[in-house]
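Chemist: Structural data only, the sequence is not supplied:
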Ligand SMILES: Nc1ncnc2c1ncn2[C@@H]1O[C@H](COP(=O)(O)OP(=O)(O)OP(=O)(O)O)[C@@H](O)[C@H]1O
């Protein structure tokens, strides 16, 4: 079976500095993988390379094949077909995905209408409106009508992240990339959003690339994990194995740090 995503020898450079070096991994349809590593290890750049959204200052090398399409050095026009249908991204800060001057309902309607058009359907405005409310309800937003009629600044950070997830899901992508999707949220909201992402990804049978520096968070949603350090893969394997028997010193440090933090929290409980 061909993989949905194959990253092969990916190298990302700026000037003469390598930010990601010789990175290879693959992801099958419906598979859930975590990309972990400390700040600056290259996780977000890797995600950008997968979607073809690298900053101009970064030169990519190697190969990224997503849904049968080479992404590296491919025109934006060709990649626009992939974005939405093959891949959608949920970012750490939901405001990145939202237009501050547009009501939520219209914003969710955008990707939804594009998907319907892609599927050869040209729905009446009222059908789109109904589906928008269904999507808002699906991500467990209370009073979908009220939310649809609100501007982003009129709802909470957790609600904004739910809207961003609804927009990503409205595309029905084969692969969802979640880049630190809960980092900007308080602990209770983090847990709710994680649960939501987990159940939606399973329900809609999407593949998930989950990016985080937070090991316990990653462990709750993925099957497999790849550990990045200074832009290089240091360890990869089933999440339970990597967490319970880390082989690389760097992974051991990450696991120990997470356990120490958990123990400290229990001590204060
Ligand atoms: N546009 C850019 N130009 C030059 N260097 C960059 C650029 N974007 C990121 N970098 C550098 O590339 C490295 C990897 O950055 P990246 O954002 O991928 O890390 P990360 O693992 O996602 O970190 P974090 O968890 O803090 O988001 C860092 O050293 C960063 O400073």
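Modeler: Okay, I see it. Treat the numbers as computed from the prediction; the structure is a model and nothing was measured. Numbering: from 1, shown residues only.

Chemist: List the contacts of the residue of the stretch 51-200 of the chain found nearest the ligand.
Modeler: At 3.8 Å from the ligand, residue 55 is the closest residue in the stretch 51-200 of the chain, using C-beta to the nearest ligand atom. C-beta coordinates here come from the backbone N, C-alpha and C atoms, glycine included. Residues in contact with residue 55, defined by C-beta atoms under 8 Å, 6 or more residues apart in numbering, are residue 48.

Chemist: one more time with 7 Å
Modeler: Going by C-beta atoms under 7 Å, 6 or more residues apart in numbering, residue 55 touches no other residue.

Chemist: Now do the residue of the stretch 151-269 of the chain found nearest the ligand against residue 174, distance only.
Modeler: Residue nearest to the ligand within the stretch 151-269 of the chain: residue 213 (5.1 Å; C-beta to the nearest ligand atom). Here the criterion is C-beta to C-beta, to the nearest Å. By it, residue 213 lies 26 Å from residue 174.

Chemist: What of residue 144?
Modeler: Taking C-beta to C-beta, one finds residue 144 at 26 Å from residue 174.

Chemist: got the residues of the protein near the ligand?
Modeler: 14, 19, 37, 39-45, 55, 57-58, 213 (C-beta under 6 Å from any ligand atom).

Chemist: can you rerun that using 8 Å?
Modeler: By C-beta under 8 Å from any ligand atom, the part of the chain that sits against the ligand consists of 12, 14, 17, 19-20, 37-48, 55, 57-58, 92, 179-180, 211, 213, 228, 231.

Chemist: What about those, which are in strands?
Modeler: 12, 14, 17, 19, 20, 179, 211, 228 (DSSP state E).

Chemist: Dump the residues you listed into TSV; add neighbour count and pLDDT as well.
Modeler: Output for those, formatted as TSV (neighbours: other C-beta atoms under 10 Å; pLDDT from 0 to 100):
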residue	neighbour count	pLDDT
12	23	98
14	12	96
17	8	95
19	17	97
20	25	97
179	21	92
211	25	95
228	25	96
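
Chemist: Dump these into TSV; add distance to residue 74 as well.
Modeler: Converted to TSV, those look like this (distance: C-beta to C-beta, whole Å):
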residue	distance to residue 74
12	16
14	20
17	24
19	20
20	18
179	21
211	22
228	24
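
Chemist: Phi and psi next, for the nearest residue to residue 5 once chain neighbours are set aside.
Modeler: Spatially, and ignoring its direct neighbours in sequence, residue 5 is nearest to residue 27 (4.3 Å; C-beta to C-beta, 6 or more residues apart in numbering). Main-chain torsions, residue 27, degrees, to the nearest 10: phi -140, psi 130.
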